[in-house]
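return atomic coordinates for the entry below.
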Amino acid sequence: MVTRILLSALAALVLCRHGAQSGMIYTLNLEDINVPNTSPLHEAASASFIHIHNGSLRGMENLKVFPNVGRDECAKNCVLNSMCKSFDFDTLNKRCYLFSVDATTNNYVRKNKRREYYQLIPRSGEIIVVKGVSIKKRGRISRFQDISIKQCIARCQQLPGCLMFEYKEEHRRCDLTNIIYTDHNLAPNFYGWDYYSMNDVKIENYFLKVLHGALKGSRFYSSLKDVPVEQCASKCMGESRCKSFEYNTAKKTCYLSVDDASQKKKLWVNYKQEFYQLEKERGVMNMIQGASIPGHDFFPRIKAANLELCLASCRHTPGCRSIEFKESKCDRTNVTHSGHPLKASLWGWNFVEINGAPEENEMASLK
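Numbering: from 1, shown residues only. Here you go, the predicted model:
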């Protein structure tokens, strides 16, 4: 897979005392750098960045600016700031611009002959996204028209040899490729293509997982027998009508459904089943009725007359990322479904994850 290729390329680079460049990958040795414990790189041996030549994230608010520094020092400053996700380096004036955002969501890399753009590479298992860039003269092994980005991810995982893809959001076009991106340079483009690398992504990470749960009255339209849960997740994510699936761990059978637990239907406890619901896009809240994350009620329980007031309290509580609500009881938590599987609730709790939803549209996002 692409991660093993990437790690083998980086292994030699870690031996370097300072930063080192290999194709579009720039690596900084962290051996002598006191990385803050609030940083995801706290215990890492090195920090790796995707490098975009003649590219910039200009237009974003600077986290911090450092004049008269080299590229290695710029990368070091980014690593030392736990909020830094990317940086621009002005090659002419030797200025360093740190950003608390990157080009993975709503921001795009633009062409700029005076600057170089560097974006931190996430850990293995998280897809790599750089919007506004592509690989020139890439080898395409398959193209799909009129599909969503999640369907494109599923197609790549299902196709043997697919390591990455480029997606054109305007036309919902998906180009799959089997080239090794460590050997090719990315460049800003004017045609609306965005770059994605699978990075050993686990397809089931795109779902909210609920242990011991099944959906009451679920309308199943297909089933797969004697298959791993990853295959079920890939099948569901690749089909526009699939919103969730249930997996029988003993029989290794899954059932794909057009329903989920976000609105009218609710989970019930079933110790033979696991429930998987497709997560919403960033900016839309995730809700599962009849589930909770036990043991993570980080903040004191409060009373709230309705779900909207419970969410408002979470909004005004620093560190609150999700809630569990039942009648007038409101539990606020500092965790999300990522890395914390939910469990079907015997006591009627409902789980809501803010997921970056803007406050003014939070209730609308649940409808």
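
quick one: secondary structure of Gln231?
Using DSSP: H, G, I helix; E, B strand; the rest coil, the structure places Gln231 in helix.

can you give me the helices for the stretch 1-150 of the chain?
Remark: helices assigned in the stretch 1-150 of the chain by DSSP state H, counting those that start in this stretch are 2-14, 71-80, 149-158.

averaging pLDDT over each of these, which comes out lowest?
In terms of average pLDDT, helix 2-14 trails the rest of the helices of the stretch 1-150 of the chain, at a mean of 39.

buried ones in stretch 65-75, by neighbour count?
Across stretch 65-75, burial judged by 16 or more other Cβ atoms under 10 Å covers 66, 69, 71, 73-75. Where you see a C-beta, it was placed from the backbone N, CA and C, and this is true even at glycine.

looking at these, which one is closest to Ala45?
Among those, Ala75 lies closest to Ala45 (Cβ to Cβ), at 14.7 Å.

now that closest one: closest residue in space, sequence neighbours ignored.
Residue nearest to Ala75 in three dimensions, not counting chain neighbours: Leu28, with 4.6 Å by Cβ to Cβ, 6 or more residues apart in numbering.

pull the number of nearby residues for that neighbour.
25 (other Cβ atoms under 10 Å).

didn't it look like it was pressed against Ala44?
No: Leu28 is beyond contact range of Ala44, at 10.0 Å (criterion: Cβ atoms under 8 Å).

would you confirm that Asn205 contacts Ser338?
Yes: applying Cβ under 8 Å, one finds Asn205 in contact with Ser338, separated by 7.2 Å.

and those two? Which one has more around it.
Neighbour count, other Cβ under 10 Å: between Asn205 and Ser338, Asn205 has more, with 15 against 12.

so where is the stretch 1-150 of the chain shaky, pLDDT-wise?
Residue ranges of the stretch 1-150 of the chain with pLDDT under 70: 1-23, 137-138.

how about a cut-off of 80?
Across the stretch 1-150 of the chain, the ranges flagged by pLDDT under 80 are 1-23, 37-40, 42, 58-59, 124-125, 136-140.

before we move on, what about the stretch 151-300 of the chain?
For the stretch 151-300 of the chain, the stretches flagged by pLDDT under 80 are 179-184, 296-297.

domain map for this structure?
2-197, 204-366 (automatic domain parsing).

how about the strands of the stretch 251-367 of the chain, start to end?
Ranges of strands in the stretch 251-367 of the chain, per DSSP state E, counting those that start in this stretch, are 253-257, 267-278, 286-289, 291-292, 302-303, 322-326, 329-333, 342-344, 350-353.

other residues contacting the fifth one?
Under the contact criterion Cβ atoms under 8 Å, 6 or more residues apart in numbering, strand 302-303 has outside partners 310, 313, 328-330, 332.

what do you get for the third one?
The contact list for strand 286-289 (Cβ under 8 Å, 6+ apart) reads 208, 210, 260-263, 265-267, 277, 279-280, 337, 342, 350-353, 355, 366.

quick one: Gln289 from Val352, how far?
Distance from Gln289 to Val352, counting by Cβ to Cβ, to the nearest Å: 9 Å.

er, Ala214 I mean
20 Å.

likewise for Gln277?
Gln277 is 13 Å from Val352, by Cβ to Cβ.

same question for Phe165.
Taking Cβ to Cβ as the measure, Phe165 falls 32 Å from Val352.

so these two - more neighbours on which side?
Phe165 (26 against 23).

surely that one and Cys156 touch.
Yes: assessed by Cβ under 8 Å, Phe165 is found in contact with Cys156 at 5.1 Å.

overlap in contacts of the two?
Contacts common to Phe165 and Cys156, judged by Cβ under 8 Å, 6+ apart, are 176, 196.

list the contacts of the residue nearest to Ala75.
Contacts of Leu28 by Cβ under 8 Å, 6+ apart are 18-19, 46-49, 72, 75-76, 79.

quick check: pLDDT value at Cys320.
Model confidence at Cys320, given as pLDDT, is 92.

quick check: Leu211 touching Lys343?
Yes: the criterion here is Cβ under 8 Å, and Leu211 meets it with Lys343 at 4.9 Å.

between those two, who's got more neighbours?
Taking neighbours as other Cβ under 10 Å, Leu211 and Lys343 compare with Lys343 leading, 19 against 16.
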